[in-house]
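**Student:** can't give you the sequence, but here's the structure:
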Ligand SMILES: Nc1ncnc2c1ncn2[C@@H]1O[C@H](COP(=O)(O)OP(=O)(O)OP(=O)(O)O)[C@@H](O)[C@H]1O
């Protein structure tokens, strides 16, 4: 239920904002909510506009057919008032005397009893309407409600509300939310003492008729369509009026909220929901059913709907046994849940056998497809209500300057900007414009950002959808959403469509067939292909798509004429990361030297994507704020990076002395390897303070390695085994703490053998890693050779490490004991205890962390203990992983 309420609130928010925008535009166009025919088929008498006198309201309000007598205000005239009349009848907003507004077609005013009926019902629910009735019901008293709402309430009261009435109810809510938003908008305008739009004026918008009059002095000028300046029409094109029901409409406003509009829709949604689910049925157990109805012969029929059985009672007989029961009302049914139809049938048969019911009198059981209908409603209902949430932005502010560190990709996409801005340059020469581009790369590398920046630079609307939004249970829904999307894009051309996660629909059709296929996804993909084919070359629509899995995309998507351009966006390089840091460092308060800071942070974060960098900078700001620092310092950044990589410090975890000693020797083993192996990554820090899942960790600074040699891999593996081997050398037994190390080593060795051609026995072969696949991509014999080679390589690394640690046993002890004392050792401590590292450091490392590194003078304002540079973690696994 709450989800329905939420959807409705979103809808009202959109409607409300939409009107606020509408009130600022001079042009008004029809806005019609597209709903099902059933939802529109409301035949309401037009009392005042047709010159028919409305019936007098009865005190009971809802006793006659609700709405027929609908308490139409006495002051109401029998025709639609013009401006002058409106002035004499009420205020300039069109409110009639007595505080009521003239009703649009199909609307009725609520009587006090009817309002009370709704309040009473709401009192049964999670809301307390008394808190809101003064405002929300106050407005509803003025504006009335769509007649369909009263009709449905009446149906519910008499128990004849059916599931097929659901769409009508939703339509009523839509209209009501829209109208409430209009009223709010008028009031706001009145407050700001600007000329207000009359109710007729606004209702003209809803019904598509021309406004009866205008109060805006500008718009009071006679409107001569012939003379209507072209600029105005053009203006309309560039700034069309908002339409909250259309996700792709320009100016669809999503910000802000007015509580009573939102609440109004939420309350009414709840009320109607309660009407449908709360009052027309109740769940009972099999035992209750048997005891109260089956044994008494009151059950007339049972209908199986999915995993639910609806019990139809003989109402007359039930009334005689339970005169007060809700089950005597028409439309009310008990129901119960079943695990399987077979089980239910067996149970029913046993019960009837027990009762001795002859086979000719057995309770008929039928099967209904109602659940499908319900599912359909649930599938389409949210679409109708949530349309406003699909993002369509017009005034994109993101520019290429906000996207750092991907110069080639920007260069590539720049052409789309020229095409959207100056199409004639291309058309003149008969050039065909690329239809779209696939932006492929790991998560968070800025694909969406780049697409947005393209729209921002071109100054065109940006339609953003995620591929997964198209994929529904029902065949055809996705395809129709694609059609809508492209139709709206055509209306708003020039524009950019961005489909994120295109792999959700664009997966190769052959691939998906292997797993049984997916009709809905294929239908959606086909529709995208068709739409892209449908563009003519002058249509200024650019389709950009983002994916992390370009390898699995259907070839048809990638061929020229569709996504012509393939733009790779990889994790940023060192220079790229520095640029991205600069973008985000500009937005925060820091007194550090930006050039040095960004360089140092970039070198600390190999493998980080733009999103990780943005997150790190924000994390640093949060850490600084937590300590009330005046500005963000290097220490805050480094703590943030450490936290992002290694997880939170686990201060509450207290190790016993033996465990602590084991952790210290384990980490010291890693640290000594890192110090004395030539190709090991430079060590930054070693710690035995538990962090994340680890009990201790050693941090290294790997560079952006694009190629790795055999020797580098062997050193890295040997270093990874350093923890376990140190345990072996210093303790009588070993612990479980090295399992993550073994995992890394095994993966590395396996890749060396099966992918990188580093085993003479297996040779220069590459075997695909088909995880989850039953069939291995090699023969049994090759499999055995691979196993033997992986083992051999790991054993070599093991021997290499053991030889070193036997030789440096004393040094391991020195580092371990110091660690037990200080808990954290940094590079300077290592130099103090072991002397300088016997190998030169990498250039970038030396620049920011070596002897010659000259960090700017430490900023003042923070009293935190120093916490040096983190990066790659070699963690000793925690107890929780044992
Ligand atoms: N190159 C960059 N320059 C500046 N900020 C970036 C960059 N790359 C990523 N970001 C930041 O990371 C956030 C997320 O990026 P974005 O959503 O564009 O990633 P994506 O590649 O589309 O991710 P996904 O594949 O998960 O959809 C951006 O909003 C931005 O804050």
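**Tutor:** Thanks, I have it. This is a predicted model, so every value here is computed, not measured.
**Student:** And the helices in the stretch 751-882 of the chain?
**Tutor:** 780-807, 809-822, 827-834, 843-849 (DSSP state H, counting those that start in this stretch).
**Student:** Show me what the third one is packed against.
**Tutor:** Pointing back at helix 827-834 there. For helix 827-834, the elements it packs on are helix 657-676, strand 683-687, helix 809-822, judged by 3 or more Cβ pairs under 8 Å, 6 or more residues apart in numbering; DSSP states H and E. Using the backbone N, CA and C atoms, a C-beta is placed for each residue, glycine as well.
**Student:** can you redo the helices of the stretch 751-882 of the chain as JSON lines with distance to residue 560?
**Tutor:** Formatted as JSON lines, the entries for the helices of the stretch 751-882 of the chain read as follows, by distance: least, Cβ to Cβ, whole Å:
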{"stretch": "helix 780-807", "distance to residue 560": "40"}
{"stretch": "helix 809-822", "distance to residue 560": "60"}
{"stretch": "helix 827-834", "distance to residue 560": "54"}
{"stretch": "helix 843-849", "distance to residue 560": "41"}
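**Student:** so can I have JSON lines of these showing distance to residue 693 and mean pLDDT?
**Tutor:** What follows is the helices of the stretch 751-882 of the chain, written out as JSON lines (distance: least, Cβ to Cβ, whole Å; pLDDT from 0 to 100):
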{"stretch": "helix 780-807", "distance to residue 693": "24", "mean pLDDT": "94"}
{"stretch": "helix 809-822", "distance to residue 693": "19", "mean pLDDT": "94"}
{"stretch": "helix 827-834", "distance to residue 693": "25", "mean pLDDT": "88"}
{"stretch": "helix 843-849", "distance to residue 693": "27", "mean pLDDT": "70"}
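**Student:** Of these, which is nearest the ligand?
**Tutor:** With Cβ to the nearest ligand atom as the criterion, the ligand lies closest to helix 843-849 of the helices of the stretch 751-882 of the chain, at 20.0 Å.
**Student:** just to revisit the earlier point, got a markdown table for the helices and strands packed on helix 827-834, with distance to the ligand and mean neighbour count too?
**Tutor:** Shown next, in a markdown table, are those (distance: least, Cβ to the nearest ligand atom, whole Å; neighbours: other Cβ atoms under 10 Å):
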| stretch | distance to the ligand | mean neighbour count |
| --- | --- | --- |
| helix 657-676 | 31 | 24 |
| strand 683-687 | 25 | 26 |
| helix 809-822 | 37 | 17 |
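**Student:** right, and these - which one's nearest residue 768?
**Tutor:** Of all the helices and strands packed on helix 827-834, the one in closest proximity to residue 768, counting by Cβ to Cβ, is helix 657-676 (32.6 Å).
**Student:** That closest one relative to helix 809-822, how many degrees between them?
**Tutor:** Counting by axes from the mean of the first three to the mean of the last three Cα atoms, to 10 degrees, helix 657-676 lies at 120 degrees to helix 809-822.
**Student:** For this structure, which residues are neighbours of the ligand?
**Tutor:** Counting by Cβ under 6 Å from any ligand atom, the residues of the chain close to the ligand are 403-406, 443-449, 500, 546, 548, 580, 583, 610-611, 614.
**Student:** Run a quick neighbour tally on residue 710.
**Tutor:** Neighbouring residues of residue 710 were enumerated by other Cβ atoms under 10 Å; the total is 12.
**Student:** same check, this time on residue 559
**Tutor:** Neighbour tally, residue 559, other Cβ under 10 Å: 11.
**Student:** With residue 310 instead?
**Tutor:** 17.
**Student:** swap in residue 480?
**Tutor:** Using other Cβ under 10 Å, residue 480 is surrounded by 17 other residues.
**Student:** Just say helix, strand or coil for it.
**Tutor:** helix (DSSP: H, G, I helix; E, B strand; the rest coil).
**Student:** hang on, the earlier thing: in helices, which of the residues of the chain next to the ligand fall?
**Tutor:** 447, 448, 449, 580, 583, 610, 611, 614 (DSSP state H).
**Student:** Now the chain against the ligand: closest residue?
**Tutor:** Shortest the chain-to-the ligand distance, computed as Cβ to the nearest ligand atom: residue-wise this is residue 610, at 2.1 Å.
**Student:** roughly how far apart are that residue and residue 819?
**Tutor:** In this structure, residue 610 and residue 819 are separated by 36 Å, where distance is defined by Cβ to Cβ, to the nearest Å.
**Student:** Which secondary structure element of this protein has the lowest mean pLDDT?
**Tutor:** helix 37-40 (a mean of 26; mean pLDDT, DSSP states H and E).
**Student:** Return the residues in contact with the residue of the chain closest to the ligand.
**Tutor:** Residue 610 makes contact with 404, 405, 444, 445, 446, 449, 572, 580 under the criterion Cβ atoms under 8 Å, 6 or more residues apart in numbering.
**Student:** could the helices and strands packed on helix 827-834 go into TSV alongside distance to residue 540?
**Tutor:** TSV is the format used below for the helices and strands packed on helix 827-834 (distance: least, Cβ to Cβ, whole Å):
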stretch	distance to residue 540
helix 657-676	57
strand 683-687	52
helix 809-822	64
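**Student:** Identify whichever of those lies nearest to residue 417.
**Tutor:** When the helices and strands packed on helix 827-834 are ranked by proximity to residue 417 (Cβ to Cβ), strand 683-687 comes first, at 42.2 Å.
**Student:** Residues contacting the closest one, please?
**Tutor:** Applying Cβ under 8 Å, 6+ apart, the external contacts of strand 683-687 come out as 667-668, 670-671, 674-675, 696-701, 815, 819, 823-827, 830, 849, 868-871.
**Student:** which residue sits closest to the residue of the chain closest to the ligand in space, ignoring its chain neighbours?
**Tutor:** Leaving out its chain neighbours, the residue that sits closest to residue 610 by Cβ to Cβ, 6 or more residues apart in numbering is residue 446, at 4.5 Å.
**Student:** right, and the one you found touches residue 402 too?
**Tutor:** No. In this structure, residue 446 sits apart from residue 402 without contact. The criterion is Cβ atoms under 8 Å, and the distance is 9.5 Å.
**Student:** Give me the more crowded residue out of the two.
**Tutor:** Relative neighbour count places residue 446 above the other of residue 446 and residue 402, with 26 against 14, counting by other Cβ under 10 Å.
**Student:** Need the pLDDT of that one.
**Tutor:** Note on residue 446: pLDDT of 91.
**Student:** The one 5 residues further on too?
**Tutor:** Looking at residue 451, its pLDDT stands at 88.
**Student:** and the gap between it and residue 506?
**Tutor:** Between residue 451 and residue 506 the distance is 16 Å, computed by Cβ to Cβ.
**Student:** same question, residue 534
**Tutor:** In this structure, residue 534 and residue 506 are separated by 17 Å, where distance is defined by Cβ to Cβ.
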